[in-house]
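> My questions are about this predicted structure, shown below with the sequence.
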Amino acid sequence: MSVSRKGARTRAVPNPIALPVRLDAGAAQDLLDSLRVAGEGGRVTLDGGAVEAISTTCVQILLAAAQVSGDDGDFRLTAPSPTLAAAFADLGLQQHLEEWMARDG
């Protein structure tokens, strides 16, 4: 966190973390590790534009990371690819994706 001139605390907005093209079972541990490190810095913003494949395991990791971040908007996802959006819709989780996209950055 940083402190503004008036002493109010503000959260630094990180550069988005680009999700890889393939988020399959083989990428799950790397995704988990990346999100753990990013979460230590506070706000997490992911760019999902390049995702061409995603496993249910990786969807679960994203859901868990968002839950750990809490309801205060510290977890965001921008520009989900059609594949990423379809995976969330197919699993009945589109509402989560929409909430993450709607959060102010």
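All right, it came through fine. Numbers count the residues shown, from 1 in each chain.

> Quick one: residues in contact with the helix or strand where residue 33 lies.
Using DSSP states H and E, the element containing residue 33 is helix 28-40. With CB atoms under 8 Å, 6 or more residues apart in numbering as the test, helix 28-40 has contacts from 14, 17, 19-20, 23, 44, 55, 57-58, 61-62, 65, 68-69. Where C-beta positions appear, they are placed from N, C-alpha and C, glycine not excepted.

> Filter those down to the buried ones.
Among these, the ones that count as buried by 16 or more other CB atoms under 10 Å are 17, 19-20, 23, 44, 55, 57-58, 61-62, 65, 69.

> still on that earlier bit, name the residues of the helix holding residue 33 that come out as buried.
Applying 16+ other CB under 10 Å to helix 28-40 flags 31-32, 34-35, 38 as buried.

> now the residues you listed as TSV including pLDDT?
Shown next, in TSV, are these (pLDDT from 0 to 100):
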residue	pLDDT
31	95
32	94
34	92
35	92
38	87
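
> ok, so of the residues you listed, who is nearest residue 86?
residue 31 (18.4 Å; CB to CB).

> Could you measure from that closest one over to residue 102?
Residue 31 is 22 Å from residue 102, where distance means CB to CB, to the nearest Å.

> This completes my enquiry, with thanks.
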